[in-house]
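>>> Fold the stuff below for me.
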Amino acid sequence: MEFGIFGFILKRLDLPIVPIILGMVLGEIMEGKLRTSMMNVKSPIDFINRPIAFILFALIIIVLLLQVRTMWKNLRKK
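Numbering: from 1, shown residues only. The predicted structure is shown next:
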């Protein structure tokens, strides 16, 4: 019943349902994997010690900075 109401609200707000379902299904698995990997590292930099991990980290930072810049420009126009 709760999921039916949740789906109805998402439909009314015109939000995509698939990413939310994927997050609910995979979230618990990802959390367990994160906890396991956190036990094996001494510092957060250990996560980006390989080239592909560093490239992904850099791309995430670039996307976040571009998003903040776009939001900042939109706020200044108003």
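>>> rest of the way, CA atoms for contacts and neighbours
Noted.
>>> What residue spans form the domains of the protein?
Per automatic domain parsing, the domain ranges recorded for the chain read 1-40, 44-78.
>>> model confidence over the longest one, on average?
Over the span of domain 1-40, the pLDDT mean works out to 85.
>>> The helix or strand hosting residue 26: which residues count as buried?
For residue 26, the host element (DSSP states H and E) is helix 18-39. Neighbour counts using 16 or more other Cα atoms under 10 Å place no residue of helix 18-39 among the buried ones.
>>> In CSV, list the C-alpha atoms belonging to it.
Extracted C-alpha coordinates of helix 18-39, given in CSV (Å, rounded to 0.1, in the frame of the first residue of the first chain):
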residue,chain,number,x,y,z
VAL,A,18,13.1,3.7,-12.3
PRO,A,19,16.1,5.6,-10.7
ILE,A,20,14.3,5.6,-7.4
ILE,A,21,13.6,1.9,-7.6
LEU,A,22,17.2,1.2,-8.5
GLY,A,23,18.4,3.3,-5.6
MET,A,24,16.1,1.4,-3.2
VAL,A,25,17.2,-2.0,-4.5
LEU,A,26,20.9,-1.3,-4.9
GLY,A,27,21.3,1.1,-2.0
GLU,A,28,21.6,-1.6,0.7
ILE,A,29,24.2,-3.5,-1.4
MET,A,30,26.3,-0.4,-2.0
GLU,A,31,26.2,0.5,1.6
GLY,A,32,27.5,-2.9,2.6
LYS,A,33,30.3,-2.7,0.1
LEU,A,34,31.2,0.8,1.2
ARG,A,35,31.5,-0.3,4.8
THR,A,36,33.7,-3.2,3.8
SER,A,37,36.0,-1.0,1.8
MET,A,38,36.1,1.6,4.5
MET,A,39,37.6,-1.0,6.9
